[in-house]
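> 3D, please:
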Amino acid sequence: MKIVAKVLFYMSLTLAICFATFCQEITKLNQSQLCSEGDLACRKNEIIRCNSLGEWILHEDCGELICKELRCVSQQDGDSDEGYIDGDVSDIDSSDYLEFDKDFMDDGEANLDFEIEDIDKEYNDQDKIASCEDDPFMGTNSTWEESHAVNIPNNLEGLWLCPWEEQWFSFDVLQGWSIRSRLYYNPNIGSIDLKLYEDNFNGLTHFIASTRVHENGAELVYNNALEGMYYLRVHGRGDEVSFDLTLESSEIGYGDENELCEGAITLDYNETAYGNTSGFHDDYHASCSESFGPEVVFRFIQPVFRNLTLSLTSNYDSVLYIRDICIDQSKEVRCMDMVGSSGEERIILEDLEIGTYYIFVDGRHWNDQGAFTLKLY
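Prediction:
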């Protein structure tokens, strides 16, 4: 019994020294070490991400769960958090880290020298998620600087995304042409988003178009593009997902009915139009509002000098604006976004000049869409 007690005493003492000295150094090392932008790691109940400055920042708070292999899991599904260290080094096992002198019972002293294994292990995504299948690009296009240049039209098949990873593609578009990308995958396995950026964009939140739903065949459309280079970002979440991607461009815009200027519906004085913007794309923007929602376009011909009133009512936060050249935002005559959901936007134009005008029914945010009533009088 005395020998057993002595063994337990020295093992406890050794582990205490580890947590008081070496383990603290590992924590300090992991907090201060340089990392590559986009790297992910576990820190207790947090998933942390490396930013563009090489610093670890919070990526996702697991709350009452713990982080294990870049996922938030329950305590019973993950390892115990006792002795948990930054970088997902947990459950220190004396058989792995401590090497005792076999003669410690003979000389009455324990040899507290120990050997630390795997200190230099690299915690990159492939090490952490060994089961993820690499796609044909093998992670070489994970940032916009490393984007894979493609010609359009193009069909990319058999691609893979590891959890929280990204793929970037770049391509050129002619002046006034439109862009469409479609995404094919199983949304029951994981979620994928597409976002489109202009050249020289300023940050990941400054995208100009995106997919709106997580479904097979989700579509991204950007009409009337300026000439130049564009970047398409494909990013996933906490699941590995296979997907196919199509990219195309057209001189004719992508849209149905009166979604685009080319399909604008003509209205007359004292006429009322009933419509619905649900399911359309965000193609045009107003000067007085974010106008990220989908819109429809109407045409009005002013035959004589007279006043014109536009009245728009809807069950969402709508935006109303009018131009004398449809595709040119600088030719906006008036814009109104003064009330919130279920209100009336009204524009009064006195002595409106003779000519052709285009009236836009838009939404403030991307989910501001639905039924509306537009009156001209």
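> Name the helix or strand for Val319, please.
Secondary structure from DSSP states H and E places Val319 in strand 318-323.
> Please save the CA atoms from that strand in CSV.
Coordinates of each C-alpha in strand 318-323 appear next as CSV, following Å, rounded to 0.1, in the frame of the first residue of the first chain:
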residue,chain,number,x,y,z
SER,A,318,-40.6,48.8,-50.1
VAL,A,319,-38.6,51.4,-52.1
LEU,A,320,-40.0,53.5,-55.0
TYR,A,321,-37.9,55.4,-57.6
ILE,A,322,-38.2,56.7,-61.1
ARG,A,323,-35.7,57.3,-63.9
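> Flag every buried residue along stretch 231-251.
In terms of neighbour count (16 or more other C-beta atoms under 10 Å), stretch 231-251 has its buried residues at 231-236, 239-243, 245-247, 249. C-betas here are computed from N, CA, C, even on glycine.
> That one spans what distance, first to last residue?
Terminal residues of stretch 231-251 lie 19 Å apart, using C-alpha to C-alpha, to the nearest Å.
> Please apply the same query to stretch 353-373.
OK, stretch 353-373 end separation, C-alpha to C-alpha: 25 Å.
> and that stretch, how far from the chain's centre?
28 Å (C-alpha atoms, centre = their mean, to the nearest Å).
> That stretch - what's its average pLDDT?
The average pLDDT for stretch 353-373 rounds to 94.
> Now do the same for Glu145: its pLDDT.
pLDDT for Glu145: 94.
> Check the gap between it and Trp168 for me.
8 Å (C-beta to C-beta, to the nearest Å).
> cool, Arg334 as well?
The gap separating Arg334 from Trp168 is 40 Å, by C-beta to C-beta.
> Compare neighbour counts for the two and give me the winner.
Between Arg334 and Trp168, counted using other C-beta atoms under 10 Å, the more crowded position is Trp168 (19 against 15).
> mind listing what the more buried one touches?
Residues near Trp168 by C-beta atoms under 8 Å, 6 or more residues apart in numbering: 141-144, 146-148, 231-234.
> Out of the residues you listed, the closest to Thr266 would be?
Lowest distance from Thr266 to the contacts of Trp168 (C-beta to C-beta) belongs to Leu232, with 35.9 Å.
> What strand or helix carries the closest one?
strand 228-236.
> Show me what that strand is packed against.
strand 154-161, strand 166-173, strand 178-185, strand 192-198, strand 241-250 (3 or more C-beta pairs under 8 Å, 6 or more residues apart in numbering; DSSP states H and E).
> contacting residues around the shortest one?
Just to be clear, that refers to strand 192-198. With C-beta under 8 Å, 6+ apart as the criterion, strand 192-198 contacts 144, 161, 179, 181, 183, 185, 204, 206-211, 214, 218, 220, 222, 226, 228, 230-237, 241, 243.
> And the next helix or strand past that strand?
strand 209-210.
> just for the chain, where's the confidence low?
Where the chain drops to pLDDT under 70, the residues are 1-35, 37, 52-53, 75-134.
> which stretches of it form helices?
In the chain, helices defined by DSSP state H lie at 2-17, 23-32, 94-97, 104-107, 125-128, listed in chain order.
> Can you give me the distance of Phe280 to Arg237?
26 Å.
> same check, this time on Tyr358
Counting by C-beta to C-beta, the gap from Tyr358 to Arg237 is 39 Å.
> Also Leu70?
Taken as C-beta to C-beta, the span from Leu70 to Arg237 is 11 Å.
> How about Thr356?
47 Å.
> again with Tyr222
In this view, Tyr222 and Arg237 are 23 Å apart by C-beta to C-beta.
> again with Leu267
Look at Leu267 and Arg237: by C-beta to C-beta, they are 44 Å apart.
> swap in Thr143?
18 Å.
> and what of Trp366?
Distance, Trp366 to Arg237, using C-beta to C-beta: 19 Å.
> if we can go back for a sec, give the intersection of the neighbour lists for Leu70 and Arg237.
Here Leu70 and Arg237 share the contacting residues 163-164, scored by C-beta under 8 Å, 6+ apart.
> Quick check: chain neighbours aside, which residue is closest to Ser341?
What sits nearest to Ser341 in space, not counting adjacent residues and going by C-beta to C-beta, 6 or more residues apart in numbering, is Asp317, at 5.0 Å.
> shouldn't that neighbour be in contact with Gly363?
Yes - taking C-beta atoms under 8 Å as the definition, Asp317 is a contact partner of Gly363 at 6.5 Å.
> And the contacts of Trp168, which is closest to Thr272?
Using C-beta to C-beta, these come closest to Thr272 at Leu232, 40.7 Å.
> Provide a list of residues in contact with the closest one.
Leu232 neighbours (C-beta under 8 Å, 6+ apart): 168-171, 181, 194-197, 220, 247.
> Ala273 versus the residue nearest to it when sequence neighbours are not counted, what's the distance?
Closest residue in space to Leu232, ignoring its immediate chain neighbours: Phe169 at 4.6 Å, by C-beta to C-beta, 6+ apart. Per C-beta to C-beta, Phe169 is found 39 Å from Ala273.
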